[in-house]
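Undergrad: Give me a 3D structure for the following:
(one chain, ligands or ions: 1)
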Amino acid sequence: MTTHDVEIAIVGAGFSGLGAAVKLAENGFDDYLILDRGADFGGTWRDNTYPGAACDVPSHLYSFSFALNPEWSRSYSHQPEIHRYINGVAAQHGVAEKTWFGTEVRRAAWDEESLSWIIDIERDGDVDQVRAKHMIGAVGPLCEPNLPDIDGIDGFEGTLVHSARWDHDYDFTGKRVAVIGTGASAIQIVPQLGKIVGHLDVYQRTAPWIIPRNERPYLPVENWAFKHVPGLQALIRGTIYTANETVAAGMTYAPKALKPVEALCKANIFRGIRDPKLREAVTPTFAVGCKRILKSNEWYPTLDRPNVDLVTSGIASITADAIVTADGVEHPVDAIVVATGFHVTDSPVFDTIVGTGGRSLAQVWDETGMQGYKGTFVHGFPNLALLVGPSTGLGHTSMVYMIESQLNYLVDYLRKTRAAGIVRTDVSAAAQDRFNEKLQRTLKTSVWVTGGCESWYQDHNGNITALWPGFTFAFRNATRRFDIAAYDVTVGAQAPADRPADAVPVTA
Ligand code: N01
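TA: Residues are numbered from 1 along each chain as shown. Have a look, this model is predicted:
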């Protein structure tokens, strides 16, 4: 086994890992290495290739501020174009040279002796180690598919596909298909499947609120203007951003102000569905905004198709060739699509990150709930920065904005600790507690707490720990500078860039 030494290890080559690499290099931190289990850049946008996969944040906002793209082909981008964009940014900045793809991180543990993260990896069947002074966890919350724990599911003999692990070899044409789930992924998959399958059963546990999707292709003249009119793209970004922030205000501080959004959703139901009973079945019973507000023009008309049934009686079990609902009815099926989301607050990744005292993130968060400081640091995990960590998720605007805020904080952390010769940085328990108490106070009157729903924004204590409450510019302000006073630091003799004698240089 070889130990490869590097100053900064980045785990994950999605939007956040790539953004980190670009910003590190730009600020003189060239000694980094990205580790990713996939074959190219993109993370979530590489892995989610289901039919209809697209973003519900407008294209101009869903991109890096330092890599605006005048060539977006549509007002909302689809997965292949976003995946191409991310890989284009990586190529432009030469990040592939410092990335190990096909590399699975098995475990990462903080070592007090070497003041480093020891990262066990598997690459081309070989087990190796990377030793890094700083580790950046950039795997994101939507990386580990959640397979539903339904009685008999393992005995199903047909095809079973999770939305994030699509089986492109399976031909759904003319088949009897079930889709379990009615979240952001399902509402994109179902309209595509509805057009080609013989029969489709859609299993709804909770009806979502859905507004119309204002998507259209851009005209060549618009793309010309995006490229040649100075400031146009920035203006469009700013306009979309500002409009979205007003929704954040409603969700956090005044849920009643979201009534017009509810009216818009109800009109969408009325337009898309003729049958009054079906209209009632798809009308949510919780406050709009409590779960992610979805966008679709096709969902309701698809449920109204003769070859599509909405099933609301709940799943009791699965047999070799059917789904059995709570009312005892057996629904024969050739294939089941589980669009049941991800392990967000209970990710198996948390078991593999081991901090001080040999305690894993999973153990710590089992006690405290998924908590951190400014979404980035967690007490007991020195020199570890998480991107899209606790309390950074959004239901109303672009995650790329949050990621770029975290990157400011990350770069300033590295700059300040390097300048001061600091070799160990751990956020203090008191600072972290104060931060989370304030968040939970803000959340008390928010729609996520008062709206009468259960969502993946909550951890096992029922606290909303996946979401940033309030305005995203408040998060940008909070992360503008690394506030070193909130951290316990150790100044060491060994400068972070110094290499131990047995170091092996890193090559791609
Ligand atoms: O997952 P979800 P997703 N039996 O967790 C149901 C992002 N995203 O993959 O509501 C039956 O939202 C569950 O029911 P309920 C976005 O951030 C973005 O759709 O819990 N049903 C729900 O209906 C999103 O929030 C885009 O009662 C079960 C569904 O499965 C996140 O990804 C596009 C069940 C899961 O919905 C996740 O979305 C796609 C069970 N045992 C995704 N377990 C963009 O456009 C779960 N369900 C940017």
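
Undergrad: okay, Ala501: pLDDT?
TA: Note for Ala501: predicted pLDDT of 41.

Undergrad: now for the longest strand along the chain, which elements pack on it?
TA: Counting by DSSP state E, the longest strand found in the chain is strand 126-137. Helices and strands touching strand 126-137, by 3 or more C-beta pairs under 8 Å, 6 or more residues apart in numbering; DSSP states H and E, are strand 3-11, strand 32-35, strand 103-111, strand 116-123, strand 384-386. Where you see a C-beta, it was placed from the backbone N, CA and C, and this is true even at glycine.

Undergrad: what's the neighbour count on Asp327?
TA: Close neighbours of Asp327, defined as other C-beta atoms under 10 Å, add up to 9.

Undergrad: Which residue is the nearest non-sequential neighbour of the residue of the stretch 351-500 of the chain at minimum distance from the ligand?
TA: Using C-beta to the nearest ligand atom, the closest approach of the stretch 351-500 of the chain to the ligand is made by Trp456 at 4.8 Å. With C-beta to C-beta, 6 or more residues apart in numbering as the criterion, Trp456 has its nearest non-adjacent residue at 4.8 Å, and that residue is Val344.

Undergrad: what about the strands in the stretch 251-400 of the chain?
TA: 294-295, 308-311, 315-318, 322-325, 330-332, 335-338, 353-354, 384-386 (DSSP state E, counting those that start in this stretch).

Undergrad: er, the stretch 101-250 of the chain actually
TA: Using DSSP E, counting those that start in this stretch, strands in the stretch 101-250 of the chain cover 103-111, 116-123, 126-137, 159-162, 176-180, 199-203, 210-211.

Undergrad: Between strand 3-11 and the second one, find me the angle.
TA: So the one you mean is strand 116-123. Orientation check (axes from the mean of the first three to the mean of the last three C-alpha atoms, to 10 degrees): strand 116-123 against strand 3-11 gives 90 degrees.

Undergrad: same thing with the first one?
TA: With the same axes, to 10 degrees as the basis, strand 103-111 and strand 3-11 are set at 100 degrees to each other.

Undergrad: where's the residue of the stretch 351-500 of the chain closest to the ligand relative to Thr445, distance?
TA: Note on Trp456: its distance to Thr445, by C-beta to C-beta, to the nearest Å, is 21 Å.

Undergrad: Counting neighbours, go ahead and name the busier of the two.
TA: Neighbour count, other C-beta under 10 Å: between Trp456 and Thr445, Trp456 has more, with 20 against 13.

Undergrad: contacting residues for the more buried one?
TA: Gly341, Phe342, Val344, Thr345, Ala466 (C-beta atoms under 8 Å, 6 or more residues apart in numbering).

Undergrad: Kindly report the domain assignment for the protein.
TA: What automatic domain parsing lists as the domains of the chain is 3-144+343-505, 153-216+247-338.

Undergrad: Contact residues of the stretch 301-450 of the chain facing the ligand?
TA: Of all the residues in the stretch 301-450 of the chain, those in contact range of the ligand (C-beta under 6 Å from any ligand atom) are Ile315, Ala339, Thr340, Gly341, Phe342.

Undergrad: who's in contact with the second one?
TA: This points to Ala339. Shown in contact with Ala339 (C-beta under 8 Å, 6+ apart): Tyr50, His162, Ser163, Val179, Ile180, Gly181, Thr182, Gly183, Ser185, Ala186, Ile189.

Undergrad: Not counting residues beside it along the chain, what's closest to the second one?
TA: Nearest non-adjacent residue to His162, counting by C-beta to C-beta, 6+ apart: Pro145, 4.4 Å away.

Undergrad: That neighbour pairs with what?
TA: Taking DSSP bridges as the rule, Pro145 bridges to Phe342.

Undergrad: any idea which helix or strand carries Lys416?
TA: Assigned by DSSP states H and E, Lys416 belongs to helix 399-420.

Undergrad: how distant is the next helix or strand after that helix from the center of its chain?
TA: Past helix 399-420, further along toward the C-terminus, the next helix or strand under DSSP H and E is strand 422-427. Offset of strand 422-427 from its chain centre (C-alpha atoms, centre = their mean, to the nearest Å): 27 Å.

Undergrad: Direction included, what does strand 422-427 pair against?
TA: Assessed with DSSP bridges, strand 422-427 is paired to strand 487-491 (antiparallel).

Undergrad: on that earlier part again, please report how far the residue nearest to Trp456 lies from Ser455.
TA: With C-beta to C-beta as the criterion, Val344 and Ser455 are 10 Å apart.

Undergrad: sorry, back to before: export the contacts of Trp456 to a markdown table and tack on neighbour count and pLDDT?
TA: Converted to a markdown table, the contacts of Trp456 look like this (neighbours: other C-beta atoms under 10 Å; pLDDT from 0 to 100):
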| residue | neighbour count | pLDDT |
| --- | --- | --- |
| Gly341 | 20 | 96 |
| Phe342 | 20 | 96 |
| Val344 | 21 | 91 |
| Thr345 | 21 | 89 |
| Ala466 | 23 | 93 |
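
Undergrad: Of those, which is the nearest to the ligand?
TA: Lowest distance from the ligand to these (C-beta to the nearest ligand atom) belongs to Gly341, with 2.5 Å.

Undergrad: His168 is nearest to which of the strands of the stretch 251-400 of the chain?
TA: strand 335-338 (13.1 Å; C-beta to C-beta).

Undergrad: Using PDB, write out every CA atom in the closest one.
TA: Only the C-alpha atoms of strand 335-338 are listed here, as PDB (Å, rounded to 0.1, in the frame of the first residue of the first chain):
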ATOM      1  CA  ALA A 335     -40.800  -3.000 -13.800                       C
ATOM      2  CA  ILE A 336     -40.700  -0.700 -10.700                       C
ATOM      3  CA  VAL A 337     -39.100   2.700 -10.700                       C
ATOM      4  CA  VAL A 338     -38.300   3.900  -7.100                       C
END
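
Undergrad: What about the residue nearest to Pro284 when sequence neighbours are not counted, how many residues nearby?
TA: Nearest non-adjacent residue to Pro284, counting by C-beta to C-beta, 6+ apart: Ala207, 4.5 Å away. Residues lying near Ala207 (other C-beta under 10 Å) number 18.

Undergrad: for Ala207, what are its contacts?
TA: Thr182, Ala281, Val282, Thr283, Pro284, Thr285.

Undergrad: how near is it to the ligand?
TA: 9 Å (C-beta to the nearest ligand atom, to the nearest Å).

Undergrad: Leu35 too?
TA: 23 Å.

Undergrad: bridging residues for that residue?
TA: Val11, Trp100.

Undergrad: Go ahead and confirm it touches Ile10.
TA: Yes. Leu35 is in contact with Ile10 according to C-beta atoms under 8 Å; the separation is 7.2 Å.

Undergrad: Report the mean confidence score over stretch 16-32.
TA: Averaging pLDDT along stretch 16-32 gives 98.

Undergrad: what do you get for stretch 374-381?
TA: 98.

Undergrad: Between the two ends of it, how far is it?
TA: Taking C-alpha to C-alpha, to the nearest Å, stretch 374-381 runs 14 Å from one end to the other.

Undergrad: Not counting its neighbours along the chain, what's nearest Gly358?
TA: Nearest residue to Gly358, sequence neighbours excluded (C-beta to C-beta, 6+ apart): Ala109, at 7.8 Å.
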